[in-house]
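Novice: Fold the following.
(chains A and B)
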Number of protein chains: 2
Amino acid sequence: MIDLLICYDVATTTESGRRRLRRVAKVCTSHGQRVQNSVFEVSVTDVQLLTLRKKLLEILDPTEDSVRIYRLRQPREKFLEAFGRDQYVDFTDPMIL
Amino acid sequence: MIDLLICYDVATTTESGRRRLRRVAKVCTSHGQRVQNSVFEVSVTDVQLLTLRKKLLEILDPTEDSVRIYRLRQPREKFLEAFGRDQYVDFTDPMIL
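Specialist: Okay, the predicted model is just below:
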């Protein structure tokens, strides 16, 4: 699996921008998690990456939005520091109840 | 040098949130570039990372904001795809005028 960070910058001051971000969130969260309002961590196979990229480019308004896809270092948690309000939940970790 | 991606999520609907984002931008752009509204690519030494982290945590409102710091794979451009409105300029590349 490939760990990716997807940053989708869009003006959420317009309804069309908010709609695109909702669509991006839907596409990305099917492969991972929303960790910030417009930042997603996903894990995909090579084939899933092709489909994901295609879907993102279909949603993207290239004059208004910016999408950046980073291949993360693995294991992701070793190369990440998170502070403050943190939306990340690692579903691959054993849960302690 | 360590290549970092800094994602700073903050509600820009309030003046205090916009002020914190401006302060984060000032701190981050002294070591790199703003590539999206709340996403920054920076290159720092180990010592600079300590100072940068300290400054970010001083600005952060932990109940309102989220900051995530990823150590990027190098060379960064090999592990990055960017589409759409793209604010990135690589000042380390030779400029073609």
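Novice: mind listing what the spatially most central residue of chain A touches?
Specialist: Closest to where the C-alpha atoms of chain A average out (Cα atoms, centre = their mean) is A:Phe40, at 2.1 Å. The contact partners of A:Phe40, taken as Cβ atoms under 8 Å, 6 or more residues apart in numbering or on different chains, are A:5-6, A:8, A:24-25, A:28-29, A:32-34. Just so you know, the C-beta spots here come from the backbone N, C-alpha and C atoms, and that holds for glycine as well.
Novice: and the longest strand along chain A, anywhere near chain B?
Specialist: Ranked by residue count, the top strand of chain A under DSSP state E comes out as strand A:2-9. Yes - counting by Cβ under 8 Å from any Cβ of the partner chain, chain B has neighbours in strand A:2-9: A:5, A:7, A:9.
Novice: what number of residues lie near A:Lys26?
Specialist: By other Cβ atoms under 10 Å in any protein chain shown, the residues close to A:Lys26 number 11.
Novice: How about A:Lys54?
Specialist: Counted with other Cβ under 10 Å, the neighbours of A:Lys54 add up to 10.
Novice: Next one: it, what pLDDT does it get?
Specialist: On the pLDDT scale, A:Lys54 is placed at 97.
Novice: circling back: between the contacts of A:Phe40, which has the most around it?
Specialist: Neighbour max across those (other Cβ under 10 Å) = A:Tyr8, 27 neighbours.
Novice: Let me see the confidence value for that one.
Specialist: The model's pLDDT for A:Tyr8 equals 96.
Novice: got the contact list for it?
Specialist: A:21, A:24, A:28, A:38-40, A:56, A:65-67.
Novice: Could you measure from A:Tyr8 over to A:Leu72?
Specialist: 16 Å (Cβ to Cβ, to the nearest Å).
Novice: likewise A:Ile2?
Specialist: A:Ile2 is 8 Å from A:Leu72, by Cβ to Cβ.
Novice: what do you get for A:Leu57?
Specialist: A:Leu57 is 20 Å from A:Leu72, by Cβ to Cβ.
Novice: neighbour-wise, which of these two wins?
Specialist: Between A:Leu57 and A:Leu72, A:Leu72 has the larger neighbour count (other Cβ under 10 Å), namely 21 against 12.
Novice: Neighbours of the closest residue to A:Phe83 other than its chain neighbours, how many?
Specialist: Once flanking residues are discounted, A:Phe83 sits nearest to B:Val67: 5.0 Å by Cβ to Cβ, 6 or more residues apart in numbering or on different chains. By other Cβ under 10 Å, the residues close to B:Val67 number 24.
Novice: Pull the distance from the helix or strand that contains A:Val35 to the chain's centre.
Specialist: Under the criterion of DSSP states H and E, A:Val35 resides in strand A:32-36. The chain centroid and the centroid of strand A:32-36 are separated by 6 Å under Cα atoms, centre = their mean, to the nearest Å.
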